[in-house]
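K.L.:
Predicted model follows, preceded by the sequence.
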Amino acid sequence: MTAAEPSFELLPGAAESPVVLHVPHSAREIPAEVRAGIMLDDSALERELDHIVDAHTAELADAATQAAGTAPWRFVNRLSRLVVDPERFPDEREEMLAVGMGAVYTRTTRRAVLRPEGFDPEPLIERYFRPYARAMTEAVADRLAATGRAVIIDVHSYPSEALPYELHGTGPRPPVCLGTDSFHTPPELLEAAREAFSRCGEIGLDSPFSGTYVPLEFHGRDPRISALMIEIRRDTYMTEPGGPAGPGLGRLGSALAALVDAVTP
């Protein structure tokens, strides 16, 4: 990936679809100039990627798009979250700063050193975080203009066993966790998700991860935007950590497609 290429991709769906499937953590790629600032050796970095990447979630979103009656739009991060994490607050509001995992990570999933003491995150935030945020904001604004509303479905996965970086890792770890926002997750969206994923095992709420992504320009301000995070426990569809996908991926793709259809007029 060269400096001229974007670190993300907006994949168009149907013109009448309000749905944006957001896939922020599925990639492993790290540009060479960013890799140079990471202190792990190559084998340790590969192990860290195995644990931190939401493996196969881009394929999950693709499967749902193919199966849905009306194709959703997809916004996919093409770089690893070890470059920047586009879903973090870029300032002191981010609680994950407590474990060195703000918008730019300085610690690993096991709280080991990832970047050196005193590392300046601003160049990475300027190069990668802000353009991503602007583009996602524009994608949501486009759905608002075209359909009068937007539905952001945040597609994630998480390990079956808690990792040391997790601030809230002692709670339930169901096969499917739904992350909600008090302003942007209406009851009908939550109920549609429960119904769509009802055949995928127990469904939990906001544990081990809570919240969902809404661009900051709209967050807490525009009720036309609804949002929900889908967190899939990895052992239900893949070999952990970082291994191949199994047959569970198809079942989950069908469930996500059912959710897309349920919220699309």
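P.N.:
Sure thing, it's come through. Quick caveat: nothing in here was measured; it's all calculated off a predicted structure.

K.L.:
List the residues that contact Gly250.
P.N.:
Ala63 (CB atoms under 8 Å, 6 or more residues apart in numbering). C-beta here means a position set from N, CA and C on the backbone, and glycine is covered the same way.

K.L.:
how near is it to Glu240?
P.N.:
18 Å (CB to CB, to the nearest Å).

K.L.:
again, but for Ala227
P.N.:
For Ala227, the distance to Glu240 (CB to CB) stands at 27 Å.

K.L.:
the more surrounded of these two?
P.N.:
Ala227 (27 against 15; other CB atoms under 10 Å).

K.L.:
hey, what's the more buried one bridged with?
P.N.:
With DSSP bridges as the criterion, Ala227 is bridged to Ile152.

K.L.:
wait, isn't it in contact with Pro186?
P.N.:
No: assessed by CB atoms under 8 Å, Ala227 is found out of contact with Pro186, at 9.6 Å.

K.L.:
And the strands in the stretch 101-250 of the chain?
P.N.:
150-158, 176-179, 203-205, 225-233 (DSSP state E, counting those that start in this stretch).

K.L.:
Output the last one in PDB with nothing but the alpha carbons.
P.N.:
C-alpha atoms of strand 225-233 as PDB (Å, rounded to 0.1, in the frame of the first residue of the first chain):
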ATOM      1  CA  ILE A 225     -28.900   7.600  12.700                       C
ATOM      2  CA  SER A 226     -29.300   4.200  14.500                       C
ATOM      3  CA  ALA A 227     -26.300   2.000  15.300                       C
ATOM      4  CA  LEU A 228     -25.500  -1.400  16.800                       C
ATOM      5  CA  MET A 229     -22.300  -3.300  17.400                       C
ATOM      6  CA  ILE A 230     -22.300  -7.000  16.600                       C
ATOM      7  CA  GLU A 231     -19.500  -8.900  18.500                       C
ATOM      8  CA  ILE A 232     -19.100 -12.600  17.500                       C
ATOM      9  CA  ARG A 233     -17.100 -14.900  19.800                       C
END
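
K.L.:
Give me the distance from it to the chain's centre.
P.N.:
How far strand 225-233 lies from its chain's middle: 9 Å, per CA atoms, centre = their mean, to the nearest Å.

K.L.:
That one - contacts with which helices or strands?
P.N.:
Using 3 or more CB pairs under 8 Å, 6 or more residues apart in numbering; DSSP states H and E, the elements in contact with strand 225-233 are strand 150-158, strand 176-179, helix 187-196, helix 248-262.

K.L.:
Columns mean pLDDT and distance to Arg93 on top of the ones you listed, output as TSV?
P.N.:
Shown next, in TSV, are those (pLDDT from 0 to 100; distance: least, CB to CB, whole Å):
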stretch	mean pLDDT	distance to Arg93
strand 150-158	98	18
strand 176-179	98	17
helix 187-196	98	25
helix 248-262	98	29
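
K.L.:
closest one to Glu231 among those?
P.N.:
strand 176-179 (3.9 Å; CB to CB).
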